[in-house]
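1. Next input, structure requested:
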Amino acid sequence: MQPLVEAYDAALFDLDGVLYLDGEAIPYAADAVRTARAAGMHVAFVTNNASRRPAEVAARLAGLDIPAEPEDVVTSAQAAVRVVAAEVPAGSFVLVLGTQALVDEVSEAGLRPVRTVAEAGRDPVAAVVQGLSPDTCQSDLAEAAVALRSGSVWVVGNADLTLPSPRGPLPGNGALVEALRLVTGLEPVVAGKPEPALHAESVARVGSSHPLVVGDRLDTDVLGAVRGGADSLLVLTGVVGRAELLRAPLGSRPTFVCSDLRGLGQPHPVTVVAEGVARCGNSTATYADGVIAVVGGTGDDGLRAEVALAWACADDGLVLRH
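-> Sure thing, here's the model as predicted:
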């Protein structure tokens with residue numbers, strides 16, 4: 001019943017769909033981060049997007065009135081390059097599919113970034129590292145395919161098929177990863193969420209023993225939290241909508257749900273499910289003929305009751321019609 005900011009020692013915030021969307025702050029995001037810090041929580045900004053350096057991300061957040069420093073930011077580019085550096089000798093050539101931010105991370109790790117196989121001359125391209133970039137085109141994918149067929153290690157920042165936007169989901173890094181997978185028949189090493197490398201780095205960065213992952217996706221944020229042994233809060237301001245949340249599969253279900261980040265500073269009453277009825281606060285959800293109906297309550301209690309009952313019905317083999 002205590003607010004989440006008092007129950008956990010760190011908040012690991014996703015960015016796209018949680019704190020901002022298409023460059024604009026999401027309502028209540030800045031207040032939520034300030035509330036977390038005021039309550040004594042450690043804060044990390046954890047992103048599967050490999051297109052920006054931590055300093056750029058921190059500056060962007062600060063421009064949206066969200067207090068952030070570069071050391072608070074953990075990116076999939078950092079995680080991917082660490083994986084590459086552990087697999088290939090120092091000074092190796094690494095073919096980069098991504099932005100200049102990813103190139104810079106490769107250089108700082110003591111590796112030699114190239115954009116084409118020819119740039120490496122007679123030396124082998126030891127690895128291909130792939131992150132999101134709006135400029136990646138067919139010729140870039142062709143260079144990567146050539147390198148991968150020659151035996152290069154393949155590491156990707158993330159395999160997210162989509163990115164949230166005001167116009168709906170748009171192609172993400174995973175869409176281009178899929179293109180290379182189909183062409184080469186190879187499988188990449190994924191460094192970002194939901195794989196454990198990025199989560200472990202985030203937890204270590206803030207020195208947390210009881211973190212809360214705050215995200216908007218089931219397949220990255222929530223699943224990454226589950227694999228990392230952490231609890232999670234899912235907000236409905238990004239990729240996942242109410243219908244998808246109701247159908248969240250076992251193993252990818254958030255610990256807490258709320259409409260927006262105001263839920264971080266609020267208590268989350270226990271939801272009790274029994275005999276086809278779920279109760280949370282003053283809200284009651286019932287199931288009949290494939291439909292869940294919710295009555296009573298204020299705020300997100302109705303959402304929590306509806307979600308808990310939907311999951312219980314799914315686990316019992318019942319089907320929802322909406």
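
2. Any stretches of the stretch 201-322 of the chain with poor pLDDT?
-> By pLDDT under 70, the weakly predicted segments of the stretch 201-322 of the chain are 322.

3. quick one: the strands in it?
-> 211-215, 231-235, 256-258, 272-274, 277-280, 283-288, 291-295 (DSSP state E, counting those that start in this stretch).

4. Tell me which of the ones you listed is the most buried.
-> strand 211-215 (a mean of 28; mean count of other CB atoms under 10 Å). In this view, the C-beta of every residue, glycine as well, is placed from N, C-alpha and C.

5. I'd like to check the angle between that one and strand 231-235, please.
-> If you take axes from the mean of the first three to the mean of the last three CA atoms, to 10 degrees, strand 211-215 sits at 20 degrees to strand 231-235.

6. Quickly run through the sheet partners of strand 211-215, with directions.
-> Applying DSSP bridges to the sheet, strand 211-215 is found paired with strand 10-13 (parallel), strand 231-235 (parallel).

7. do you know which of the ones you listed lies nearest Ala101?
-> When the strands paired with strand 211-215 are compared by CB to CB, strand 10-13 sits nearest Ala101, at 19.3 Å.

8. Can you give the contact residues for the very next helix or strand once past the closest one?
-> Next in sequence after strand 10-13, counting helices and strands by DSSP states H and E, comes strand 20-21. Strand 20-21 is contacted from outside by Ile26, Ala29, Arg60, Leu61, Leu64, Pro164, Ser165, Pro166, Thr237, Gly238, using CB atoms under 8 Å, 6 or more residues apart in numbering.

9. Show the buried residues in those.
-> Neighbour counting over those (16 or more other CB atoms under 10 Å) leaves Ile26, Ala29, Arg60, Leu61, Leu64, Pro164, Thr237, Gly238 as the buried ones.

10. Can you tell me which of these is closest to Glu275?
-> Thr237 (33.4 Å).

11. tell me the contacts of that closest one?
-> Gly17, Val18, Leu21, Ile26, Pro27, Asp216, Ser259, Asp260, Leu261.

12. Give the phi and psi angles for it, as a check.
-> For Thr237, the backbone dihedrals are phi -110, psi 0 (criterion: degrees, to the nearest 10).

13. any idea how far it is from Leu21?
-> 7 Å (CB to CB, to the nearest Å).

14. same deal with Asp135?
-> Asp135 is 22 Å from Leu21, by CB to CB.

15. if you count what's nearby, which of the two comes out ahead?
-> Leu21 (19 against 9; other CB atoms under 10 Å).

16. Which strand residues bridge that one?
-> Under the criterion used (DSSP bridges), Leu21 bridges to Glu24.

17. Generate a ChimeraX selection restricted to the buried subset of the contacts of Thr237.
-> In ChimeraX syntax, the buried subset of these is picked out as below (16+ other CB under 10 Å):
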select :17,18,21,26,216,260,261
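
18. From the contacts of Thr237, pick the one nearest Ala109.
-> Val18 (28.1 Å).

19. is it true that that closest one touches Ala29?
-> Yes: the pair Val18 and Ala29 passes the contact test of CB atoms under 8 Å, sitting 7.2 Å apart.

20. Return every residue with contacts to both of the two.
-> Joint contacts of Val18 and Ala29 (CB under 8 Å, 6+ apart) are Leu261.

21. the helices in the stretch 51-200 of the chain, which residues?
-> 54-63, 76-87, 100-108, 138-149, 173-184, 196-206 (DSSP state H, counting those that start in this stretch).

22. okay if I get those as JSON lines plus distance to Trp311?
-> Formatted as JSON lines, these follow (distance: least, CB to CB, whole Å):
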{"stretch": "helix 54-63", "distance to Trp311": "33"}
{"stretch": "helix 76-87", "distance to Trp311": "29"}
{"stretch": "helix 100-108", "distance to Trp311": "38"}
{"stretch": "helix 138-149", "distance to Trp311": "39"}
{"stretch": "helix 173-184", "distance to Trp311": "26"}
{"stretch": "helix 196-206", "distance to Trp311": "23"}
